[in-house]
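Peer 1: Dropping the sequence and predicted coords here.
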Amino acid sequence: MREESMRRKLHNTIQELKGNIRVFSRVRPLLGDELLGMDSDVPQHINFPDPDKKILELEKLAGITPNEVCESVASVRRGSNNKYEFQFDRVFPPSSTQTEVFHEISQLVQSALDGYNVCIFAYGQTGSGKTFTMEGRGTGDNRGMIPRSVEKIFATRDDLLSKGWIVSYLVSFLEIYNETIRDLLVQSRSQADSTKHDIKLVGPNTNEVFVTDLTTVEVQHQDAVQVLLKRALENRSVAETKCNERSSRSHSIFRMKITGSNSVTAESCVGLLNLVDLAGSERLKESGSQGQRLKETQNINKSLANLSNVIMALANKETHVPYRNSKLTHLLQNCLGGSSKMLMFVNVSPKEECFQETLNSLRFATQVNQCNIGQAQKKVK
Ligand SMILES: Nc1ncnc2c1ncn2[C@@H]1O[C@H](COP(=O)(O)OP(=O)(O)OP(=O)(O)O)[C@@H](O)[C@H]1O
């Protein structure tokens, strides 16, 4: 227990020094047909030169016009032979397992249990492994960050109860598609399509918001969360057939609110864990979108740009933070900023043809990594 509390303290100290914003990069392996004609299952244009696993090097193997690649970010170095070096808090090569990745975020999940607001994002182009990282595949070793976080949270339950805590866990799961909120936990699909949801402040003297008419489920056991995740997946896949791979075009937010009160010590605390699978980040120019797709891409670009604007405004301590400019940041406004902890995965495709998008994603992540958004505060009464 002492070791655990020391680890927690160290995590909080590191996070405070970093300003409570961390960035990890994860490169997925080459899969299926992508391996055809390749000498190896490891991408040749992405190198991991650093034994400490903090540097990712992108190398353009065959002709790219240097001007095509805008390098304005200080920590991105363009070396010879068109090499671009990026430094993050942690870099996960294609061989990394879900267990290894979760190990690096488990202290943040602990922070939500300790009464912090925590946001973990997956950012990257379509097909780069965001959903695999967050939700994972199946119930075995490929389980993603959401089920693993839930397991960690429930693993502490008995210990908390034995120490006199009364705890409750409230789960919601929604998606934002074309700036419209859709409840992923509804029982009836027609209800999901017909209900309009708004974002409102919980009270006059708080920046805490809630979504009107959103299903929130109190869960007593981790298996109950699995049932909810399955329901969300079904609700999403139905929409997908109607809206053409909609899940790639929407942001999804899994939220767990952990409330605890202890009558013995007269303590209470509330933590919020948000696990956010962002919509594919590909640029308009590269995506060649038209019609409905164009509208989707514009909405995605707008909301991702606004996420970046919010982070920059927080880092620059600006008096106005433009939370309300998109549903995503409006919804997360009390989980981004001084009193919260944030981590961003930048997911990377190993395909060489995705070089430009990879570069765009890594540049975005580098900007986020350079932000210092201040110290987090626990919400303990
Ligand atoms: N680390 C990994 N190991 C094995 N398979 C992976 C890994 N990452 C991703 N995949 C597989 O690659 C494919 C694309 O991944 P995924 O669907 O997670 O991408 P995505 O970024 O969420 O895309 P979208 O934006 O379309 O939702 C999936 O078949 C997924 O199972």
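Peer 2: Yep, it's here.

Peer 1: Could you count how many residues lie near residue 323?
Peer 2: Close neighbours of residue 323, defined as other Cβ atoms under 10 Å, add up to 23. Heads up, the C-betas are built off the backbone N, CA and C, glycines and all.

Peer 1: any weak-confidence spans in this structure?
Peer 2: 1-19, 62-81, 237-247, 283-290, 338, 372-381 (pLDDT under 70).

Peer 1: how many other residues sit next to the closest residue to residue 143 other than its chain neighbours?
Peer 2: Using Cβ to Cβ, 6 or more residues apart in numbering and skipping the chain neighbours, the partner closest in space to residue 143 is residue 136 (4.4 Å). Using other Cβ under 10 Å, residue 136 has 21 neighbouring residues.

Peer 1: Wait, residue 136 touches residue 150, no?
Peer 2: No - counting by Cβ atoms under 8 Å, residue 136 does not reach residue 150; the two are 11.7 Å apart.

Peer 1: what about the spatially closest residue to residue 95 that is not a sequence neighbour, how many neighbours?
Peer 2: Once flanking residues are discounted, residue 95 sits nearest to residue 29: 7.2 Å by Cβ to Cβ, 6+ apart. For residue 29, the tally of surrounding residues (other Cβ under 10 Å) stands at 15.

Peer 1: Contacts only, for the nearest residue to residue 320 once chain neighbours are set aside.
Peer 2: In space, and not counting its chain neighbours, residue 320 is closest to residue 313: 7.0 Å by Cβ to Cβ, 6+ apart. Listed by Cβ atoms under 8 Å, 6 or more residues apart in numbering, the contact set of residue 313 reads 320-322.

Peer 1: Quick check: the gap between residue 313 and residue 333.
Peer 2: According to Cβ to Cβ, to the nearest Å, residue 313 and residue 333 sit 12 Å apart.

Peer 1: before we move on, which element is the closest residue in space to residue 106 that isn't next to it in sequence in?
Peer 2: Once flanking residues are discounted, residue 106 sits nearest to residue 152: 5.9 Å by Cβ to Cβ, 6+ apart. Assigned by DSSP states H and E, residue 152 belongs to helix 145-155.

Peer 1: hmm, who's touching that helix?
Peer 2: Residues contacting helix 145-155 (Cβ under 8 Å, 6+ apart): 98, 101-102, 105-106, 109-110, 112-113, 120, 133-136, 139, 169, 221-222, 225-226, 229, 254, 256, 258, 273, 275.

Peer 1: of those residues, list those near the ligand.
Peer 2: When contact is defined as Cβ under 6 Å from any ligand atom, those do not meet the ligand at all.

Peer 1: Just the ones in helices from these, please.
Peer 2: 98, 101-102, 105-106, 109-110, 112-113, 133-134, 222, 225-226, 229 (DSSP state H).

Peer 1: check which helix or strand covers the most far-flung residue of the chain relative to its centre.
Peer 2: For the chain, the residue at maximal distance from the C-alpha centroid (Cα atoms, centre = their mean) is residue 264, at 36.0 Å. Assigning secondary structure by DSSP H and E places residue 264 outside every helix and strand.

Peer 1: Once you drop chain neighbours, what's closest to it?
Peer 2: Leaving aside its chain neighbours, residue 264 sits nearest to residue 164 (3.8 Å; criterion: Cβ to Cβ, 6+ apart).

Peer 1: what's the residue most central in space within the chain in contact with, if anything?
Peer 2: Centroid check for the chain by Cα atoms, centre = their mean gives residue 121 as the closest residue, at 1.2 Å. By Cβ under 8 Å, 6+ apart, residue 121 lies in contact with 276, 278, 307, 342-345.

Peer 1: most surrounded residue in the residues you listed?
Peer 2: Most neighbours among those, by other Cβ under 10 Å: residue 345, with 31 neighbours.

Peer 1: Thought residue 24 was touching that residue, still the case?
Peer 2: Yes - contact criterion Cβ under 8 Å: residue 345 and residue 24 qualify, at 5.2 Å.

Peer 1: where along the stretch 151-300 of the chain do the helices fall?
Peer 2: For the stretch 151-300 of the chain, the helices defined by DSSP state H, counting those that start in this stretch occupy 157-162, 189-194, 222-243, 284-287, 291-315.

Peer 1: Out of those, which one sits most buried?
Peer 2: helix 291-315 (a mean of 18; mean count of other Cβ atoms under 10 Å).

Peer 1: From the chain's centroid, how far away is it?
Peer 2: Counting by Cα atoms, centre = their mean, to the nearest Å, helix 291-315 is centred 15 Å from the centre of its parent chain.

Peer 1: likewise stretch 303-317?
Peer 2: The answer for stretch 303-317 is 15 Å, by Cα atoms, centre = their mean.

Peer 1: Could you confirm whether any residue of that stretch contacts the ligand?
Peer 2: No - shown here: stretch 303-317 not in contact with the ligand (Cβ under 6 Å from any ligand atom), separated by at least 12.3 Å.

Peer 1: hey, C-alpha coordinates of that stretch in PDB?
Peer 2: Taking C-alpha atoms only, stretch 303-317 is exported to PDB below (Å, rounded to 0.1, in the frame of the first residue of the first chain):
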ATOM      1  CA  SER A 303     -14.300  20.800 -33.500                       C
ATOM      2  CA  LEU A 304     -10.700  19.400 -33.500                       C
ATOM      3  CA  ALA A 305      -9.300  22.900 -34.300                       C
ATOM      4  CA  ASN A 306     -11.400  24.200 -31.400                       C
ATOM      5  CA  LEU A 307     -10.100  21.500 -29.100                       C
ATOM      6  CA  SER A 308      -6.600  22.800 -29.900                       C
ATOM      7  CA  ASN A 309      -7.700  26.400 -29.500                       C
ATOM      8  CA  VAL A 310      -9.100  25.600 -26.000                       C
ATOM      9  CA  ILE A 311      -5.900  23.900 -25.000                       C
ATOM     10  CA  MET A 312      -3.800  26.900 -26.300                       C
ATOM     11  CA  ALA A 313      -6.000  29.400 -24.500                       C
ATOM     12  CA  LEU A 314      -5.600  27.400 -21.300                       C
ATOM     13  CA  ALA A 315      -1.900  27.300 -21.800                       C
ATOM     14  CA  ASN A 316      -1.700  31.000 -22.500                       C
ATOM     15  CA  LYS A 317      -3.900  31.700 -19.500                       C
END
